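Engineer: Predicted model, plus sequence, below.
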Amino acid sequence: MKKGYLSDYFDAVAMKTLSAVDAEPVRSNQHEIGGKTTIGKVLGSWEPKVVFDVSYVWFGDEGESISASGAATWYDTRRDNPNRAAEPRLYYEANAVTGAMRAGDTLIVAKKADGSLLVVVCRSGSSTEAQMLWLFGFKEAPVTRFAVIDISGANNQSLGFAARFILEELGVEVEDHDVTRIESLIEPFGLKLPKTKEFSAIARNALTEIDPVQDPDAALLAWIDFEERMFRALEKQIVADRLVKGFFDTDGAPDVDAFIKFSLSVQNTRKSRMGLSFEHHVAAMFEAHGLIFSRQAVTERGNKPDFLFPGQAQYSDAGFNAGFLTLLAAKSTCKERWRQISSEADRIDRKHLITIEPGISEAQTIQMDQQSVQLVVPAGLHETYLTSQRSWLWSAGDFIGLAKDRQRASGIARLL
């Protein structure tokens, strides 16, 4: 079987909007989902009863998340009454995720390829909902009845950058089935992570077939994707070695605190390196196009925008035409952090923000536009956005064109 597809991880998925009855426990601490003709298409047979292992994830408005695990029982509530038609329901215990969900939220129930369930709860109209719709192939926003997708045929997409990005946000580790080229690149590092800048440069230099001048959007995605794969491969070796050594205190007893500390450090390293890597690749893309810019220049109130064009000296010069100044913030994921860039440079009315986050909600992109923030997304990710958003989105190539035009018009290239 060919690997690297959504069907490697999921068999089927159902999505609906939670009603008040869905969101509230039917008894002291139990929730239930019913519908043999809808959710039953995902869960399969309920006879005599089936107990699923369940991973729960909740995503809030500000990008925060809660995870939990447990079990759920799929069985016929009328099994003792042979004279009545079957009424199967999925019962599951209350947990931190079910405690956070509310009527109007979106519920996703996905049956994984290993037979377990993934239950995702997110806010209606959120970026997470938009990403779920795109990932699983739903054509419309959820309603109060379950819509079901079988992960096969047209819905069984190959796992490109956007799909892997979303799956890992859900806590689904995506296996890399083509690591031969990567293994030779990470071998010299042994069990030690190099500095992010060095790692980013290695990733770019390895992709000699990529031309950032001809296609900056494709280059940016290819660079960040390849480095992320390199990082995960090296991280896997480092973590495996640490697990083999075990976690013990000085008396030889299991050290739970040490394990938790190590686990958190792995997660934090992943997040921080992605952001830094993204900035390094964006900078390399600009350098390939001969753009003049400053990184972490200082503006009002000690703000330090990621990229300032043409640079610190021009921004600080009150006589320099503000129409030739450009600010670009770079964030691998936006969440609600994009709002902070509005106050990073008073001389620049409309700011730009580049990201590799797929499927940001329409409500959020409308807010960006209203606050004079132009979103820039590599062209390869535009398909994850609604059709109504795509005409407003900029590509990396669009932004480079603007920066070049302003640089030429200002004459700064001739002065330096």
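Structural biologist: Yep, that arrived.

Engineer: SS state for residue 58?
Structural biologist: strand (DSSP: H, G, I helix; E, B strand; the rest coil).

Engineer: for residue 141, same thing?
Structural biologist: Criterion first, three-state DSSP; result for residue 141: coil.

Engineer: likewise residue 120?
Structural biologist: strand.

Engineer: quick one: it from residue 315, how far?
Structural biologist: Distance of residue 120 to residue 315, given as CB to CB, to the nearest Å: 43 Å. Any C-beta I mention is one placed from the backbone N, CA and C, and that applies to glycine too.

Engineer: what number of residues lie near residue 263?
Structural biologist: Residues lying near residue 263 (other CB atoms under 10 Å) number 12.

Engineer: Could I get the pLDDT score of it?
Structural biologist: On the pLDDT scale, residue 263 is placed at 84.

Engineer: any idea which element it lies in?
Structural biologist: Taking DSSP states H and E as the criterion, the element that holds residue 263 is helix 256-288.

Engineer: Going C-terminal from that helix, what's the next secondary structure element?
Structural biologist: strand 294-295.

Engineer: what element comes up after that following strand heading to the C-terminus?
Structural biologist: strand 307-309.

Engineer: Which strands and helices lie in contact with the helix holding residue 263?
Structural biologist: Under the contact definition 3 or more CB pairs under 8 Å, 6 or more residues apart in numbering; DSSP states H and E, helix 256-288 sits against helix 196-206, helix 216-245, strand 307-309, strand 326-330, helix 396-410.

Engineer: Helix 396-410 and the second one, what's the angle between them?
Structural biologist: Using axes from the mean of the first three to the mean of the last three CA atoms, to 10 degrees, the interaxial angle of helix 216-245 with respect to helix 396-410 works out to 120 degrees.

Engineer: Quick one: mean pLDDT over helix 216-245.
Structural biologist: On average, helix 216-245 scores 92.

Engineer: so the helix holding residue 263 versus helix 216-245, what angle?
Structural biologist: Using the same axes, to 10 degrees: helix 256-288 against helix 216-245 is 160 degrees.

Engineer: How many residues are close by the closest residue to residue 8 other than its chain neighbours?
Structural biologist: Distances taken as CB to CB, 6 or more residues apart in numbering put residue 113 closest to residue 8, at 6.3 Å, once the chain neighbours are dropped. Applying other CB under 10 Å, we find 12 other residues in the vicinity of residue 113.

Engineer: Run through the residues that contact residue 113.
Structural biologist: By CB atoms under 8 Å, 6 or more residues apart in numbering, residue 113 lies in contact with 7, 8, 9, 10, 11.

Engineer: Fine by me, we can end here.
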